[in-house]
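Chemist: Need coordinates for the following:
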Amino acid sequence: MLERRVVLSNGRKIAVRESGPAHGRPVFYLHGFLGSRLECVPADPLAAEFGLRLISIDRPGFGLSSNAPPDPAIDAADAAAVCFELGLRHPIVIGVSGGSAPALLMAANPAIGAPVVILACPLCPLDDPAVLAQFSALAQFVLRGTTLTPRTAGLLLDGPLRQFAKRYPQVLLKILCTRFARADQEALRSGEWSQAIASLWRNRSRLADMVRFATC
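Modeler: So this is what the prediction gives:
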C-alpha cells in the first residue's frame with residue numbers, strides 16, 4: 001500500500017492511495033458522499049489476488065485533498081491529472097454515488113482512454129420531481145432542504161453529525177444498517193468492513209461535502 005499527495009498545476013493537492021502490484025492493470029476509484037480514498041481498504045486483498053493496481057483518491061474537499069468549487073468537471077479534471085502524474089494508461093474507472101458524475105466525465109476524456117466505466121448507486125438528479133417522488137416524505141424533505149439551503153445543511157453536517165460519526169462510528173453504522181438488505185447488513189457488520197468504515201469516518205475532514213453536488 002502506498003499513500004501520496006499529488007500537487008496539481010494550480011497548487012491544490014489531491015490525496016492518493018494505491019494498493020496491488022505496481023505494474024498491475026490500473027483501476028481508478030472515485031468515492032461517494034461520506035467517503036474518501038479509504039473506501040478501498042477492504043479491496044486490497046482482491047487487488048493483490050487479481051493483479052490490479054487499485055488507485056483511489058480523496059475527491060476535492062474530501063479527506064486530505066484541497067477544497068474546490070462544487071463541480072463534477074473539476075473532480076474529473078483532478079482525477080485525470082492524477083492519472084497523468086502516475087502514468088496510468090487506459091484505467092478502468094469506478095464511480096460510487098456522488099463520484100459517478102466525475103467518473104463518467106473522466107471516462108469520456110479521450111486522453112484517459114478508459115475501456116470500462118463502472119457506476120455503483122449513481123447519484124440521482126435531485127432537481128427532478130419525478131425522481132424525488134419515489135422517495136419517502138422524510139427523504140424528500142431532507143433532499144429538498146439540502147438543495148435549497150446548502151449552507152444550513154452544511155452547518156448541520158459539520159456540527160453534530162460530524163462529531164457523532166467521529167466519536168461513535170459503530171453506532172451510526174448500526175443505525176444505517178437497519179435501512180439495508182439483509183445481505184448488506186451481514187457484510188457491513190463483519191469486522192473487516194465495519195472497521196474500515198469506522199476508520200473512514202474518523203479521518204474525514206468535513207461532512208458538509210455531502211451537499212456539494214446538490215448545489216450544482
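
Chemist: chain center to stretch 77-91: distance?
Modeler: Distance of stretch 77-91 from its chain centroid, counting by CA atoms, centre = their mean, to the nearest Å, is 17 Å.

Chemist: Residues touching that stretch, excluding its own?
Modeler: 6, 8-9, 12, 14, 16, 26-28, 30, 53, 55, 57, 59-60, 65, 68, 102, 106, 109, 111-115 (CB atoms under 8 Å, 6 or more residues apart in numbering). For the C-beta atoms, the positions are set from N, CA and C on the backbone; glycine is no exception.

Chemist: nearest spatial neighbour of residue 5, skipping sequence neighbours?
Modeler: Distances taken as CB to CB, 6 or more residues apart in numbering put residue 13 closest to residue 5, at 4.8 Å, once the chain neighbours are dropped.

Chemist: got the phi/psi numbers for the one you found?
Modeler: The phi and psi values for residue 13, taken as degrees, to the nearest 10, are phi -120, psi 140.

Chemist: So what sits opposite it in the bridge?
Modeler: Beta-bridge pairing for residue 13 (DSSP bridges): residue 7.

Chemist: Repeat that for residue 117.
Modeler: residue 93.

Chemist: Isn't it up against residue 101?
Modeler: No: look at residue 117 against residue 101 with CB atoms under 8 Å: they stay out of range, at 11.4 Å.

Chemist: pLDDT value on residue 3, please?
Modeler: Note for residue 3: predicted pLDDT of 93.

Chemist: ok, and the closest non-adjacent residue to the residue nearest the centre of the chain?
Modeler: For the chain, the residue sitting closest to the mean C-alpha position, by CA atoms, centre = their mean, is residue 31 at 1.8 Å. Distance criterion CB to CB, 6+ apart; nearest residue to residue 31, sequence neighbours excluded, is residue 39 at 4.8 Å.

Chemist: domain assignment for this protein?
Modeler: The chain resolves into domains spanning 1-123, 125-216 when parsed by automatic domain parsing.

Chemist: Please identify the buried residues of the helix ranked longest in the chain?
Modeler: Looking across the chain with DSSP state H, the single longest helix is helix 72-86. Residues of helix 72-86 classed as buried: 72, 74-83, 86 (neighbour count, 16 or more other CB atoms under 10 Å).
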